[in-house]
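> Kindly generate the corresponding structure for this input.
(chains A and B)
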Amino acid sequence: MGQNSLKANVWDAGLCTGCGACVGLCPYQGFWEDDVRQVFSCSLSNDEGRCSAYCPRWNLRLSEIYGPPSNKGGSTPELGRIRGYRLARASDPMLRAKAQHGGTLSVLLAMALAQGFADVAVVAGKKESLAMTPALVSSPKEVISYAGSTLFVSPTVSGYHAARKAGFKRIGVVATPCQAQALAKIRSVSERFEDHPGDALSIVLGVFCGWTLSLRPFKERLKELGVGRLVAMDIPAGKGTLEILGDSGLAELPFDGFEPMIREACAFCLDTTAELADISVGSARTNEPWEEMRTWNQVLIRSERGEAFFSQAVELGVLEVREAPRGALEALKTAARAKKQKAIRALRQKTGPGPKLGYLDIQDPFLPKFLEAIETEGGSHEGAH
Amino acid sequence: MKELIEDCPGKRALFLGNEAIARGALEAGLGVAASYPGTPASEILESLALVASEANLYTEWSVNEKVAMEVAAAASFAGIRSLAAMKQNGLHVGSDFLLHLALSGVRAGMVLVFAEDPGAHSSVNEADSRYFSKMLELPLFELSDVESAKEVIKLAFEISEAFKIPVLVRSVTRLSHASGVVELGPLPKPRRNAVFRHEGFILDPDLGAMISAPVPLKRMLLQEKLAGLKARFEEFPLNRYFGPDKPETLLVASSVAVLYAFEAIERLSAWDKAGLLALTTTYPLPEGLLKAHLKAPGRVFIVEEGVSFLEQSLKAFVAEHHGELGQKRFLGKDEGTLPGVGELNVDVVAEALAGALGLSYEPVPKAYASKAAEATLMHAPQRELAFCPGCPHRASFFSVAKALALDGRGGFVCGDIGCYTLAMLPAGFQVIKTLHAMGSGTGLGSGFGKLGRFGFDQRTLSVMGDSTFFHTGLPALINAVHNRSDLLLVILDNQGTAMTGFQPHPGLAFDAEGKGAMAVDIEGVCLAIGAKVFVADPFELQETERLLLGMMGEKGEGVRVLILKQPCALSPQRKGKGAYEVAVDEAVCLGEACGCNRFCTRVFRCPALFWDKNAKKARVDDVLCAGCGVCAQICPSGAIQKKELVWAA
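Below you'll find the model as predicted:
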């Protein structure tokens, strides 16, 4: 497995998430706009290539990235490990105004840096061209300028490589589900490499993600719409629209027109809630009225570390919390299960009959159990992980 | 080369073919010479420029061959003997002017030398341009050896002046770049008084306007000149016959093939059966001479390089005079006795002739050939064509290749003529996907840039050098600007016509003779045309890549030009001094363990970087390294380190 088969089986096969795990390791591939590209052909085909070892869309062993089943913290096939589920938001209303929803992520990130959970944080930074690029943040004050998300991919994991190269030993990462998978895969293969590349990962703050948009067609549409410079974008819950805030004001457009722009690779994604993070944060798409809920976040606390970390934020008073509305977690589970089922169908269709199932490693002893849990309608199999 | 203007008749001197041509022109009283550099013709003007002040000449490197012809023609019109020199393509570039010059005629002798490149050693074509003579109705001389070349040039001037017609003279690489002994003739010191007379009747060759109209009358005059030339060529001293009175087989040859044919007959000891008619004037043909030699032989073997120009002429001639000459069997290129492409040599001709005569010929003993091949493999390092160490083009194409790959829309480069043509090979990451004439990369880019409406989504980058920009690139660029084409142009400005030996071009502040000249600013010209212009140093890889990606990003933004400025590594202005001392830090280079898969030696491929098989690490060859420091930017481990050098002023 070398770059050429990664190109054939992942990049050119429409499986690449653009997470950036294979970028910045060597001079042979690069990231531009929202795609990984082969820049020069690398003839290596040994098993030690980091590009394929780190890739979450190549030979992904769920059992290895999720680790051994644990009794602590309920593990669900839909949402992964859950130690706690809350609604949260920044206590500071000024901060909330600057952030996209409740500002929870900005608060947690600033705290991670301030309290020494991480020496540096890798976040998705925006470029003039709308393309995303990883940024390294080491001061809590800088965090807020990275608040707000777009709907495009950022090669964030390459920022983790860059931070390691710069000598950082405790690196926090704000990661989407695919990026969190890549980081987990780096941890799982860490022992294979002399420099133990997973050791520097100190905390992963996950972001919920349903899909991302392809940049080029989106930019062309913006041009047609005369939006000018894009300031922010959001998907209000339950309205089937896309809000685009540009120089010329706010436009709310039917989402149908943007659906064909969804990145092909997102159809094969099994994770909505960044299951492999320490804490995952998303907007509060519950049954409550959106106008009220849009200033809150849903938070899934996953690891022991994440739990300690979250509690500290609440104790310090930087986060406000409230109980989630009844049925909200079940709704989240249903949505996540639907996405997983869809992805498995898409993978089956893509790889055709036979044991092969896209990027999932069929040697994985955990895989049959996982598939059974997801594909069986209804019951949530507690402790399946 | 002091012998070039030594007035010492009878002295014998060793001259390069192109120097013999220059000396011939000087002995003919040359006043003006103009040229555009191109292998194998460049040394003609270079030699003349060196002696320009001493010999009271005006010499120039013109912007292109058409203008060179025009500059030379103006001198002729004003009574000054002139010469235009160029490689084969140049004749094609200037042919429009020549078409009209044939009709207007000339006054003082004007000779146009075109040096061709059979085998395409230094060309991306193998043009045989002799048909221009027939097409334009202009006399054609072919040079066959260094010694006679000088004499032919002198005669060409005389004939041009006597018939008031420009004379075409064909040389080839093996003559222009071979050396031979030449006997010097007297050097005249003509008193010159340039005047252009135009007050007479339109058809008056000496006093009328120099105009191609009225066309029918001018053509009639031109054809009268040709008839006169035909007669004159019967006595032309350099149409020669060697061999028996009545050979079974007659070889007819022109250009350097005369030597190959002569040597072939010699090697086969076949002078009893075969004769050789060596022709210098291959258009119009001397009919009496041909008849005299074509009567006896039953077989005619035409030996020539290029197309079957002479062969076709002779076949037509024999058909026309069938009653007198009888049936002949023709051997040559048409029926495959000689190969249709590539250069000839003695062995090729001798083998073909041996076959025709039923003799046997072994060019090289087989045992020797296999030994030689073995020795070559063992002792000569296997190298492909590469950019020199320190060449700015490697850096430029590294960034171009990266930018095209990152853009990811199947982009490619429309190439052009210069050292940078090598970017069609791994040396330049194989990014060039179209390659034609000078300036064509930009013309093609202009065309590709208009295909968006048909769904064309690939990004095309046109490249051209600074000299090509002035030669024929500019009209294509203007075309793209005017027509709002999505042209992306990269001008590889290495500050000189590097490939042919640093001849100046209009962008530089000195001329062919080394005197001060007006430098035309490429950036200023592009801006004035209305293009969006960026300038960068190609040695700054990241900045170059950033600019390229920026240019490629937006569609429909009109013409964008990136000028990558950095003098050629071999440029005289560098004086062989590198900017950096570059070395691989062996402690940092991880070798095979790096995972870079020998990026510097396998992909970047500067000849000064090599893989040390024993140490299993990359190394810099101090002797070859030009000190550009670019490789220090590409090593993922930062093992290639550069130290700035300070040179005393």
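> hey, where'd the strands end up in the stretch 101-250 of chain A?
Using DSSP state E, counting those that start in this stretch, the strands of the stretch 101-250 of chain A run over A:120-126, A:132-137, A:171-175, A:201-207, A:230-234, A:241-246, A:249-254.
> Just list what the last one packs against, helices and strands only.
Using 3 or more Cβ pairs under 8 Å, 6 or more residues apart in numbering or on different chains; DSSP states H and E as the contact criterion, the secondary-structure elements in contact with strand A:249-254 are strand A:241-246. From N, CA and C alone the C-beta is placed, and that goes for glycine too.
> give me the residue from the stretch 51-200 of chain B nearest chain A.
B:V124 (25.7 Å; Cβ to the nearest Cβ).
> On the three-state scheme, that residue is what?
Recorded secondary structure, B:V124: coil (DSSP: H, G, I helix; E, B strand; the rest coil).
> for it, what are its contacts?
B:I417, B:T421, B:L435, B:H436 (Cβ atoms under 8 Å, 6 or more residues apart in numbering or on different chains).
> shouldn't the second one be in contact with B:G415?
Yes: in this structure B:T421 lies within contact range of B:G415 using Cβ atoms under 8 Å: 5.9 Å.
> and for those two, which residues touch both?
B:I432, B:L435.
> So for those two, which residue has more residues nearby?
B:G415 (26 against 20; other Cβ atoms under 10 Å in any protein chain shown).
> need the contact list for the more buried one.
For B:G415, counting by Cβ under 8 Å, 6+ apart, the contacting residues are B:T421, B:A423, B:M424, B:I432, B:K433, B:T434, B:L435, B:G441, B:V463.
> Closest one of the residues you listed to chain A?
B:A423 (14.3 Å).
> where's the residue sitting nearest the centre point of chain A relative to A:S280, distance?
Geometric centre of chain A, nearest residue: A:T176, 0.9 Å, by Cα atoms, centre = their mean. Distance, A:T176 to A:S280, by Cβ to Cβ, to the nearest Å: 10 Å.
> and what of A:M293?
The value you get for A:M293 to A:S280, if Cβ to Cβ is used, is 17 Å.
> Contact distance from chain B - what residues of chain A qualify?
Within chain A, the positions near chain B by Cβ under 8 Å from any Cβ of the partner chain are A:25-28, A:30-32, A:35, A:37-40, A:42-44, A:48-50, A:129.
> more crowded one of A:M293 and A:S280?
Per other Cβ under 10 Å, whichever of A:M293 and A:S280 has more neighbours is A:S280, with 33 against 22.
> ok, and the closest non-adjacent residue to that one?
Leaving aside its chain neighbours, A:S280 sits nearest to A:G206 (3.6 Å; criterion: Cβ to Cβ, 6 or more residues apart in numbering or on different chains).
> Name the residue of chain A that lies nearest to chain B.
A:W32 (3.6 Å).
> That residue reaches B:R409, doesn't it?
No: in this structure A:W32 lies outside contact range of B:R409 using Cβ under 8 Å: 10.6 Å.
> Please say which of these two ends up with more neighbours.
Neighbours were counted for A:W32 and for B:R409 using other Cβ under 10 Å; A:W32 has more, 22 against 13.
> how about residue 120, what does it touch?
Picking chain A for this. Here A:V120 is in contact with A:L113, A:L136, A:V137, A:S138, A:A163, A:A166, A:F168, A:R170, A:I171, A:G172 (Cβ under 8 Å, 6+ apart).
> if you could check chain B rather than the one you did, that'd help
Taking Cβ under 8 Å, 6+ apart, one finds B:E126 in contact with B:A120.
> From the structure, what's the count of residues near B:K333?
22.
> Surely it is within a strand?
No: under three-state DSSP, B:K333 sits outside any strand and is assigned coil.
> burial count for B:K565?
18.
> where's it relative to B:A480, distance?
21 Å.
> Show me how far stretch B:227-240 is from its chain's centre.
The chain centre lies 29 Å from the centre of stretch B:227-240; the measure is Cα atoms, centre = their mean, to the nearest Å.
> likewise stretch B:207-215?
Counting by Cα atoms, centre = their mean, stretch B:207-215 comes out at 32 Å from the chain centroid.
> Not counting that stretch itself, show me its contacts.
B:77, B:99-105, B:107, B:196-202, B:218.
> These in helices, which ones?
B:F77, B:L99, B:H100, B:L101, B:A102, B:L103, B:S104, B:K218 (DSSP state H).
> Most neighbours among those residues, which one is it?
Neighbour max across these (other Cβ under 10 Å) = B:L101, 25 neighbours.
> Drop anything exposed from the contacts of A:V120.
The neighbour count (16 or more other Cβ atoms under 10 Å in any protein chain shown) marks A:L113, A:L136, A:V137, A:A163, A:F168, A:R170, A:I171, A:G172 as buried among the contacts of A:V120.
> For beta bridges, what are the partners of residue 254?
No chain specified, so I'll use chain A. A:T241 (DSSP bridges).
> wrong chain, I was asking about chain B
Here B:S254, judged by DSSP bridges, has bridge partners B:L279.
> Quick check: B:P567 is in a helix.
No: in this structure, B:P567 is coil, not part of a helix, as judged by three-state DSSP.
> give the contact list for it.
B:P567 touches B:P392, B:N494, B:Q495, B:G496, B:Q573, B:R574, counting by Cβ under 8 Å, 6+ apart.
> Does B:P607 lie in a helix or a strand, and which?
Under the criterion DSSP states H and E, no helix or strand holds B:P607.
> that older thread, can you pull the phi/psi pair for the residue of the stretch 51-200 of chain B closest to chain A?
For B:V124, the backbone dihedrals are phi -110, psi 30 (criterion: degrees, to the nearest 10).
> any idea how far A:Q298 is from it?
Distance from B:V124 to A:Q298, by Cβ to Cβ: 65 Å.
> and the helix or strand encompassing B:L548, anywhere near chain A?
In this structure, B:L548 sits in helix B:541-553 according to DSSP H and E. Yes: contact of helix B:541-553 with chain A (Cβ under 8 Å from any Cβ) involves B:L549, B:G553.
> Flag the shaky bits of the chain, pLDDT-wise.
No chain specified, so I'll use chain A. A:1, A:46-48, A:68-73, A:377-385 (pLDDT under 70).
> try chain B instead
B:1, B:649.
> if you set the cut-off to 90 instead, what comes out?
Within chain B, the ranges that satisfy pLDDT under 90 run B:1-2, B:189-192, B:363-366, B:376-384, B:553-558, B:571-578, B:592-597, B:636-637, B:646-649.
> which parts of it sit against chain A?
B:401-402, B:405-408, B:429, B:549, B:553, B:595-597, B:599, B:602-603, B:634, B:636.
> If we use 6 Å, what do you get?
Within chain B, the residues that sit near chain A (Cβ under 6 Å from any Cβ of the partner chain) are B:K402, B:A405, B:L406, B:G408, B:G595, B:C596, B:N597, B:F599, B:V603, B:P636.
> Return the subset of those lying in strands.
Counting by DSSP state E, no part of the residues of chain B next to chain A is found in strands.
> Redo those residues as CSV? Include distance to A:K333 and neighbour count.
Listed next are these as CSV, based on distance: Cβ to Cβ, whole Å; neighbours: other Cβ atoms under 10 Å in any protein chain shown:
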residue, distance to A:K333, neighbour count
B:K402, 45, 24
B:A405, 42, 20
B:L406, 40, 22
B:G408, 38, 17
B:G595, 41, 20
B:C596, 45, 25
B:N597, 46, 20
B:F599, 48, 23
B:V603, 49, 21
B:P636, 44, 17
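> And these, which two are furthest apart?
B:G408 and B:G595 (23.4 Å; Cβ to Cβ).
> so what's the closest residue to chain A within chain B up against?
In chain B, no residue comes nearer to chain A than B:L406, which is 3.6 Å away by Cβ to the nearest Cβ. Residues counted as contacts of B:L406 (Cβ atoms under 6 Å, 6 or more residues apart in numbering or on different chains) are A:G30, A:W32, A:R37.
> If we use 7 Å, what do you get?
A:G30, A:W32, A:R37, A:V39, B:L549 (Cβ atoms under 7 Å, 6 or more residues apart in numbering or on different chains).
> what's the answer for B:V431, then?
Counted by Cβ under 7 Å, 6+ apart, B:V431 has contacts B:F397, B:V400, B:A401, B:L404, B:F412, B:V413, B:A423.
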